[in-house]
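Model the structure of this input:
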Amino acid sequence: MQITKIAAGLASLAMLVACTTATPYQAALDTQSGYSEQQIESNRFQVQFAGNSLTDRKTVETYMLYRAAELTKQNGFDHFRVVHRATDADSRVVPTGTGYSPFYSNFYLDYSYYGPRAGYFYDPYRRWAYPRSFYASRWGYYDPFWDGPQEYREVTKYVASAEIVMGKGPKPDDPAFFDADQVIFNLGTQIQRPEA
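Okay, the predicted model is just below:
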């Protein structure tokens with residue numbers, strides 16, 4: 001019983017740490033964050049890297065390019081050409097601060113609040129609008145349920161993807177082609193792998 005509680009605690013801690021750090025260079029197996037690829041032809045792949053909200057755009061694009069080079073070498077090729085490349089941003093606004101309640105956006109309550117500096121509150125049980133001073137004196141603050149107006153912040157998750165065609169021999173003199181060995185050598189110092 002004690003071992004089960006310890007294991008559950010360690011799993012929770014690992015999930016919390018994973019959510020508070022940028023996405024490392026890893027395969028996207030159990031999570032949506034990380035790299036993934038799909039083979040289209042024998043020398044053509046779709047490569048993608050998805051980061052969490054703490055992973056910036058430059059890192060996501062660097063990891064995707066590094067994965068393309070790594071995949072090229074793993075398949076016995078020397079260089080690759082980027083046929084199509086895109087970076088998508090998924091932005092959303094999330095509440096922060098002490099005023100946030102996960103129940104507020106999920107359940108309807110028969111409670112009317114008339115603005116952050118409202119003069120009246122509606123009591124659904126007595127069907128009467130009370131002055132704000134009544135609630136302030138009764139509960140010690142002006143919003144008895146959600147602790148007033150919330151603060152918000154924007155979070156953005158980036159996903160970089162590219163369709164690549166691999167080739168053998170020297171890299172052609174064209175900016176769309178990348179030498180896999182040079183990409184791995186030059187970007188290798190920027191790659192943060194997951195801690196073991």
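
Now for the nearest residue to V83 once chain neighbours are set aside: which residues touch it?
Closest residue to V83 apart from its sequence neighbours, by C-beta to C-beta, 6 or more residues apart in numbering: E163 at 4.5 Å. Any C-beta I mention is one placed from the backbone N, CA and C, and that applies to glycine too. By C-beta atoms under 8 Å, 6 or more residues apart in numbering, the residues touching E163 are 40, 44-47, 82-85.

Same check on F45?
F45 sits next to 37-39, 68, 71, 163-164, 166 when contact means C-beta under 8 Å, 6+ apart.

Could you identify the buried members of those?
Applying 16 or more other C-beta atoms under 10 Å to these, the neighbour count classes 37, 68, 71, 163-164, 166 as buried.

out of these, which are inside strands?
Taking DSSP state E, the ones among those that sit in strands are 37, 163-164, 166.

Pick out whichever of these sits closest to L187.
The closest of those to L187 turns out to be I164 (C-beta to C-beta; 15.1 Å).

Which parts of this structure are strands?
With strands called from DSSP E, the chain shows them at 34-41, 44-50, 79-96, 112-113, 120-123, 128-131, 151-167, 177-179.

May I see the contacts of F45 organised as JSON lines, with distance to D181 added?
Output for these, formatted as JSON lines (distance: C-beta to C-beta, whole Å):
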{"residue": "E37", "distance to D181": "19"}
{"residue": "Q38", "distance to D181": "24"}
{"residue": "Q39", "distance to D181": "21"}
{"residue": "A68", "distance to D181": "13"}
{"residue": "L71", "distance to D181": "13"}
{"residue": "E163", "distance to D181": "21"}
{"residue": "I164", "distance to D181": "15"}
{"residue": "M166", "distance to D181": "13"}
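
tell me which of these is nearest to G188?
Nearest to G188 among those is A68, at 13.8 Å by C-beta to C-beta.

contacting residues for that closest one?
A68 is in contact with 45, 47, 80, 82, 162, 164, 178, 183, counting by C-beta under 8 Å, 6+ apart.

would you list these in TSV and tack on distance to T20 and pLDDT?
Output for the contacts of A68, formatted as TSV (distance: C-beta to C-beta, whole Å; pLDDT from 0 to 100):
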residue	distance to T20	pLDDT
F45	32	97
V47	27	96
F80	34	97
V82	33	94
A162	29	95
I164	32	96
F178	33	96
V183	30	96
